[in-house]
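In: curious how this folds, go ahead:
(chains A, B and C)
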Amino acid sequence: MTTAPAERFALRLHKVSKAFGGVQALNKIDFEVRAGEVHCLAGENGCGKSTLIKVVTGVHQPESADLIELFGARVDRITPVQARQRGVSVIWQDLALFPHMSVAENIAFDDLVGLRPRSVRYREMSARAGEVLERLGVSLPLTAPLNDLSIAQRQVVAIARALMNDAKLIFMDEPTASLTQSETDRLLDIVRKLSADGVAVVFVSHRLAEVLEIAERVTVVRDGNLVGVYPTEGMTQARLGELMTGHLIENKVDARDLPDAPVVFEARGLSRHGEFEDVSLTIRAGEVLGLTGLIGAGRTELAHVMMGMRRADAGSMTLEGSAFRPGSIREAIAKGMAYVSEDRLSLGLLQKQSIADNTVISVLRQLTTASGLISDRRKADLVRHWIRELGVKIGAPEDAISTLSGGNQQKVVLAKWLATEPRLLILDSPTVGVDVGARAGIFRIVRALAEQGLAILLISDEVTEVMHHSDRILHMADGRIVQAYDPRTVSVPQLEERIYA
Amino acid sequence: MSDTRRLPGLKGFKHLKTGGPAGENLSLLVMLVLLVVVFAIASPRFLTGANLGSMGFQMPLLGLLTLAMLAPILSGGLNLAIVYTANISGLTLAWTLMQFGGPEAGIPAFILGCALAVIVGALAGAVMGGVVAYVGAHPILVSLAMMIFLRGLGEFLTRGGDISGFPDHMHTLGHGSVMGIPVPLILFAVIALGWHVLLRRTPHGFSVYMTGSNLKAAEYAGLNAKRTLVLIYTLSGVLCAIAGILMAARFSSVRVGHGEAMLLITVLACFLGGIDPFGGHGRVAPVILALVILQVLSSGLNLVGANQHLSTAVWGLFLIAVMVLRSGQIQRYIGLLSRKDT
Amino acid sequence: MRDALRSHTIEVRLAVVLAVLCIALSLSAPQFATLPNLTSLLNNSAVNLIWAVGLLVVLIAGGIDISFAVASSVVQYVAAQLLMSVGGGNWLLGFLFCGSLGILLGLLNAWLIHGFRIISIVVTIATFNAFFGLLMFFSGGRNIYNLPDWWTARIFIFEHENAQGIWSELTLSVAVMIGCVIATWALIRRSNIGRQLYAFGDNPEGARRAGVNIAVMQGVAFGWMGLMAGIAGLCQVNIVKEVVPNALYGRELDVLAAVVLGGARLGGGKGTILGCILGVMFVAVTQNGLNLLGVSPFAFQMIIGAVILVAISTANIDLSQFFRNKEARS
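Out: Alright, predicted model coming up:
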């Protein structure tokens, strides 16, 4: 055990355990955060990260714990209010803010909580909120509703709210998941500033590059067990991924040349004002074309135009040799396009509906008999076929899709699109919210599809992903394709440097 | 000692709660049987042909309106204009018949009137569906405005009065029987079956469920969610029109405001039938069971000497009871109570 | 100030439309802008406004209430029985009885909603039927004329006789209404409880995580609605001088439409007292104006319905959808 004086720690947990039902969510975990430190908590989905946060913030009570110590003081039992009073704040991924309330009120909201009636002093509230924002070096319109702010700005509001409670230890749950690179950089600057002010920040992020950049130490958790605490100095993404999953992730460049394969899709000088400009690309049958670049580079917008969800202002597309100008997503699908959306939770799947319905939703016409009715037999056959084909682990086809893990949900999304027998499959950030371990399974499927001659456009901001799973890579920045790469002649660090430069 | 062992009744609650489609039907069926037994014991007249017949004449009207309410709820909305859509459609029919001599109007005039009524109903529905789908306004507000508009329109056209004097053949529709089965009940059965097939077996019905659960995601999957909404409100309007025609035949008159009290009862019946208030889940069969239960409650209470108002109250209390049992929270409360005992 | 205007688009738009409407009416109908007409407009809107501010609180907290108008009827009937049994009572007892009975009915809704996790529209449609059915059953649908004198006495808070000898007067109900409006404003705008109501309606999960007591919030919202329903019931009797069990049946949806027209968001988190008043007064002024212009009373509802339909098809285009699209793009 460390000999450092206790008050230098913001948090110390020794041998904390917590079980839900029969599942051991945390098994004698030790976790220490030094005062003013930027610490990373890493692990796959369901490894116990969020349970750990909830124990520290008093949402859950641990079954057993040898020691819980906050800022040098031993605590027997933490309640959410106590945790906040002692200076522990959590910024959840969904931010837990109030979209229709003003920025100032969002920042100062915790002062209003409680049943003792008291009057609200808006002027004082605004002044205090303004002070905190100033401390962060940010200026935001205090009276505007939160709705008017970008996601990055809302993130800042959430941080300001934590500081308003005199937070000395802030947990941030996937804070950069939907930020552009420059926004992420600004956020990381703020985190550094907090750390310099003596506020400890615990970062929970799946973006390993980011984790290694900002954190001083990283605690890795796997299946409720502590794997270890490591300095980020000298740590690599590959090593961290291995620690999180417990096995070496095989990552080798796997690019092929396909000069003779027929061109499936071609775009010439495609532009849409304010989103992307003069984009030309070709995708051949059996080819996986990687499209990378920062969030906000125009990648998703390009995919939307290819799917007919929006119209291009200029340029042309051809699909299998004939002009392609879809007026709606339905037309694009009918002509052989498929699009795996980056937002699986709210756009890619209907979470409330069954696995079977989610699988067949895009191919209703195939299932409809001459009488105009959906054939239950055809539907069941189709669902069974794809569940088996893609190795989706399910209970019953009638279960809600939300009962599946992220990886299995994404397989259902793939099944849905493969059932439409597409010519071109667009994968937009297909591994968001999918465990590192389960990603390999997704890419095995993608690779097999390519072998069968399907053309695939793989959009991702994770450089390692496009490096290891594409045949060619296009780099998009500020709405333009700036450079093409062959994965065999470029390395991950080189490519990262080009992109983040 | 566990709570369940001390209170064996809890098992029953449990299967009420875990109401998959089958469980939903089963628990409603059990309730129905219980009610029938209770009323059969309480009143010897309950299980007579006369009583069952009158139930068969009374239920279809509420039933049709409930089906018209059901589909918009499945699509994630609500249609508060159903009763007045039915009234205006009925008015269209009555007006057409008047043009052809009122009581002397022939079958062709009646058919023309029905066609016009259906067109009017469909139009009202289509406008609502269009505003809901393409403006994105809240269905409660849209249909509420439509309800106020149609009510006003009807009152304006009729000056608050009745229109009566229909040909005899309309009487058959409202009061006739075929092989002892009331004509309205046959009409309802046919339409309910059609509605079930439409919702559960056709691509359009599938689209209604998907749209009701997440419009944006349904569009991303290639469904035409907006057209689905317009179509489902239009069909809801068509059903209202059929209800309006039946209402004219049953009451032998048309008055704006006829059946006004049924509006919220139809919502009640849908919720009783296990329809998800947020859309996306629910079936026709349990809703019909719920309707039968409501009818049994009302007829049974009537036979034991209570009036329609008590039935209304019992319907409300019954819905509360069922929702409370379905919520599963009851175990918690009983748990609290029994802990106090020990 | 610009922010304030922008975040209150609906209120501003409605205020402009209402102002234009008032100017047009004063020009086309000379009686419109006279004191007697305006006071009677206020007298006639008092009960609706009391309900409306109560409903606003429920809508802000993310709920909906269908049962409030029949709840008022129940309160009237029960209070009349209770007051007669204590020998007539007085205004103080009247407020006490009606207020607490209303709160009780509201808390019943809140308990069913929170205690059993049933959504508010289901609960209040059920209680709507239960309240009304039981009221009609026990009252037998009979009116009560035999009421304490104080209750039916006309009390004016303002009287004025103009040169033609026409009286303008404001009844007690208007004073009560103003009290209710100010109290509701203080609750939702000036107190921390009210701000927690907004937060709860806006993002229930976020509010829960911040430590907002959800059970209490539901209780406050529906209890306040109940209190307003009770007071509205009391005032309505004072205006019509009798208790008619089914007199208020069916008024709930019109009030709901007016409040939502005033910018309260179905789904919670948004809505202001100003918008609520504008919404109710917009409907009232339209009705009053049509009446003065000699339009057939049968056409009122039709025109109002059409106006609301047009208003939501144009003005109420859900702005948040644009923001959502923007997010999806970025």
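
In: tell me how many other residues crowd B:Leu67.
Out: Per other C-beta atoms under 10 Å in any protein chain shown, the neighbour tally for B:Leu67 reads 30. To be clear about C-beta, it is placed using only N, CA and C from the backbone, and glycine gets the same treatment.

In: touching, it and B:Gly282? I think so.
Out: No. Here B:Leu67 does not reach B:Gly282: they are 11.7 Å apart, not a contact under C-beta atoms under 8 Å.

In: what parts of the stretch 51-200 of chain A come near chain C?
Out: Within the stretch 51-200 of chain A, the residues that sit near chain C (C-beta under 8 Å from any C-beta of the partner chain) are A:80-81, A:84, A:92, A:94-102, A:105, A:109-120, A:141, A:143-145, A:147-148, A:150-151, A:180.

In: so which of those are in helices?
Out: A:Pro80, A:Val81, A:Arg84, A:Glu105, A:Phe109, A:Asp110, A:Asp111, A:Leu112, A:Ile151 (DSSP state H).

In: TSV please, covering these and showing pLDDT, neighbour count and distance to A:Val363.
Out: Compiled in TSV, these are given as follows (pLDDT from 0 to 100; neighbours: other C-beta atoms under 10 Å in any protein chain shown; distance: C-beta to C-beta, whole Å):
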residue	pLDDT	neighbour count	distance to A:Val363
A:Pro80	77	17	47
A:Val81	76	13	52
A:Arg84	82	21	50
A:Glu105	93	24	48
A:Phe109	91	27	47
A:Asp110	88	18	49
A:Asp111	87	18	54
A:Leu112	89	20	51
A:Ile151	81	14	34
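
In: farthest-apart pair in these, please.
Out: Of all pairs drawn from these, the one with the longest distance (C-beta to C-beta) is A:Val81 and A:Ile151, at 28.3 Å.

In: give me the number of residues near the residue of the stretch 151-300 of chain C found nearest chain A?
Out: Among the residues of the stretch 151-300 of chain C, C:Gly206 lies closest to chain A, at 3.5 Å counting by C-beta to the nearest C-beta. Neighbours of C:Gly206 under the rule other C-beta under 10 Å: 20.

In: point to the residue nearest the middle of chain B.
Out: Nearest to the geometric centre of chain B sits B:Thr66, at 1.0 Å (C-alpha atoms, centre = their mean).

In: alongside chain A, which residues does the stretch 151-300 of chain C contribute?
Out: Going by C-beta under 8 Å from any C-beta, the residues of the stretch 151-300 of chain C near chain A are C:189-196, C:198-199, C:202-203, C:205-207, C:209-213, C:216, C:265, C:269-270.

In: what about the helix or strand that contains C:Ser40 and chain B, touching?
Out: According to DSSP states H and E, C:Ser40 maps onto helix C:35-60. No. Helix C:35-60 stays clear of chain B (C-beta under 8 Å from any C-beta), getting no nearer than 10.9 Å.

In: same question, stretch A:427-447
Out: No. Stretch A:427-447 lies out of reach of chain B by C-beta under 8 Å from any C-beta, never closer than 10.9 Å.

In: just the C-alpha atoms of that stretch, please, in CSV.
Out: Listed next in CSV are the C-alpha coordinates belonging to stretch A:427-447 (Å, rounded to 0.1, in the frame of the first residue of the first chain):
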residue,chain,number,x,y,z
LEU,A,427,-20.8,1.4,-42.5
ASP,A,428,-20.9,4.7,-40.5
SER,A,429,-18.8,4.3,-37.3
PRO,A,430,-20.0,0.7,-37.0
THR,A,431,-18.2,0.0,-33.7
VAL,A,432,-19.5,2.8,-31.6
GLY,A,433,-20.6,1.3,-28.3
VAL,A,434,-19.4,-2.1,-29.3
ASP,A,435,-16.9,-3.9,-27.1
VAL,A,436,-13.3,-4.2,-28.3
GLY,A,437,-13.8,-7.9,-28.2
ALA,A,438,-17.0,-7.9,-30.2
ARG,A,439,-15.5,-5.6,-32.8
ALA,A,440,-13.4,-8.4,-34.3
GLY,A,441,-16.6,-10.4,-34.9
ILE,A,442,-18.2,-7.5,-36.8
PHE,A,443,-15.1,-7.0,-39.0
ARG,A,444,-14.9,-10.7,-39.7
ILE,A,445,-18.4,-10.5,-41.2
VAL,A,446,-17.5,-7.3,-43.1
ARG,A,447,-14.4,-9.0,-44.5
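
In: for chain C, which segments count as strands?
Out: Residue ranges of the strands in chain C, as given by DSSP state E, are C:156-161, C:167-171.

In: for the longest one, name the packing helices and strands.
Out: Using 3 or more C-beta pairs under 8 Å, 6 or more residues apart in numbering or on different chains; DSSP states H and E as the contact criterion, the elements in contact with strand C:156-161 are strand C:167-171, helix C:172-185.

In: redo the ones you listed as CSV? Include mean pLDDT.
Out: Shown next, in CSV, are the helices and strands packed on strand C:156-161 (pLDDT from 0 to 100):
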stretch, mean pLDDT
strand C:167-171, 83
helix C:172-185, 94
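
In: quick one: closest of those to A:Leu457.
Out: helix C:172-185 (55.6 Å).

In: dump the residue contacts of C:Asp202.
Out: By C-beta atoms under 8 Å, 6 or more residues apart in numbering or on different chains, C:Asp202 lies in contact with A:Phe98, A:Pro99, A:His100, A:Met101, C:Gly62, C:Gly268, C:Gly269, C:Lys270.

In: the helix or strand harbouring B:Gly56 packs against which elements?
Out: B:Gly56 belongs to helix B:49-74 when assigned by DSSP H and E. For helix B:49-74, the packing partners by 3+ C-beta pairs under 8 Å, 6+ apart come out as helix B:82-99, strand B:181-182, helix B:183-201, helix B:203-213, helix B:225-251, helix B:262-272, helix B:284-303.

In: let's have those in a markdown table, adding mean neighbour count.
Out: What follows is those, written out as a markdown table (neighbours: other C-beta atoms under 10 Å in any protein chain shown):
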| stretch | mean neighbour count |
| --- | --- |
| helix B:82-99 | 26 |
| strand B:181-182 | 18 |
| helix B:183-201 | 18 |
| helix B:203-213 | 24 |
| helix B:225-251 | 26 |
| helix B:262-272 | 26 |
| helix B:284-303 | 22 |
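
In: so which of the ones you listed gets nearest C:Phe131?
Out: With distances scored as C-beta to C-beta, the stretch of the helices and strands packed on helix B:49-74 nearest to C:Phe131 is helix B:262-272 (11.7 Å).

In: if we can go back for a sec, the residue nearest to the centre of chain B against B:Val284, yeah?
Out: No. Counting by C-beta under 8 Å, B:Val284 is not a contact partner of B:Thr66; they are 9.8 Å apart.

In: what degree of burial does the closest residue to A:Ala35 other than its chain neighbours show, as a neighbour count?
Out: Spatial nearest neighbour of A:Ala35, chain neighbours left out: A:Ala10 (4.8 Å); criterion: C-beta to C-beta, 6 or more residues apart in numbering or on different chains. Residues within reach of A:Ala10, counting by other C-beta under 10 Å, total 26.

In: contacting residues around A:Ala10?
Out: Residues in contact with A:Ala10, defined by C-beta under 8 Å, 6+ apart, are A:Val33, A:Arg34, A:Ala35, A:Gly36, A:Glu37, A:Leu70, A:Phe71, A:Lys168, A:Leu169, A:Ala200.
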